[in-house]
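**Student:** Predicted model and sequence follow; I will ask about them next.
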Amino acid sequence: MPEAAPLVSHWRDRLDPYAAVGIPAHVTVLAPFLDTGRIGAAELAALHGLFAACPAFDVTFPRCARFPGVLYLAPEPAGPFRALTGAVAARWPETPPYGGRFPDVVPHLTVAYSEDRSALDRVEAGLAGGLPARARIASAQLLANDQGRWTELASFRLGG
């Protein structure tokens, strides 16, 4: 989500450890996914077909929301993200979203982690003037962890 980076990078660089290891501002489709060693031509072709069958869409992030210890931007509509997650998880049922830890997957763009509620309050106040953020979701990226650093393994266009 390069459109969101100018709004969230300052905060993510300070309060999101995933930013430091190469994970850009994003809304997760499915994690964890297959081990990199299990991703070959057949899996990449299946992902290409799956994402090509889903139309590109516009999204707005009008507000912040929270999980315990996490501040995130809530996308509207969330349905297309849920559909992408459902499609990938259905194709690879051995990789349930978030390892099956949550009964309902909530699409979100994480901005900050902190157990200090006042720190999250400051981040939320700092984001308020930049909302709503808008983005066109026209692709999905497959990231892989290579010795602690995340890099793009492949990119897939939505809608063909």
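**Tutor:** Received it, and whenever you're ready, just let me know what you need. Numbering: from 1, shown residues only.
**Student:** Next, the residue nearest in space to the middle of the chain: secondary structure please.
**Tutor:** Against the mean C-alpha coordinate of the chain, by C-alpha atoms, centre = their mean, the closest residue is V27 at 2.0 Å. Using DSSP: H, G, I helix; E, B strand; the rest coil, the structure places V27 in coil.
**Student:** ok, now A74?
**Tutor:** strand.
**Student:** From here on, call the first residue 380.
**Tutor:** Renumbered: residue one is now 380, and that last one reads A453.
**Student:** Quick check: chain neighbours aside, which residue is closest to it?
**Tutor:** Leaving out its chain neighbours, the residue that sits closest to A453 by C-beta to C-beta, 6 or more residues apart in numbering is A444, at 4.4 Å. Every residue, glycine included, has its C-beta placed from N, CA and C.
**Student:** correct me, but the one you found touches A457?
**Tutor:** No. Taking contacts as C-beta atoms under 8 Å, A444 lies outside contact range of A457: 10.8 Å.
**Student:** List the buried residues of the helix or strand where the residue nearest to A453 lies.
**Tutor:** Using DSSP states H and E, A444 sits in strand 436-446. Buried residues in strand 436-446, counted by 16 or more other C-beta atoms under 10 Å: 436, 438, 440, 443.
**Student:** Show residues contacting that strand.
**Tutor:** Outside of strand 436-446, the residues within contact range by C-beta atoms under 8 Å, 6 or more residues apart in numbering are 383, 450-456, 459-460, 485, 487-488, 490, 499, 503, 506-507, 510-516, 537.
**Student:** Run me through the strand neighbours of that strand, direction for each.
**Tutor:** Here strand 436-446 is paired, per DSSP bridges, with strand 449-455 (antiparallel), strand 512-516 (antiparallel).
**Student:** Mean pLDDT added to the ones you listed, as CSV?
**Tutor:** As requested, the strands paired with strand 436-446 are exported to CSV (pLDDT from 0 to 100):
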stretch, mean pLDDT
strand 449-455, 98
strand 512-516, 96
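**Student:** what's the most buried one of those?
**Tutor:** strand 449-455 (a mean of 21; mean count of other C-beta atoms under 10 Å).
**Student:** That's all I had, so thanks and see you.
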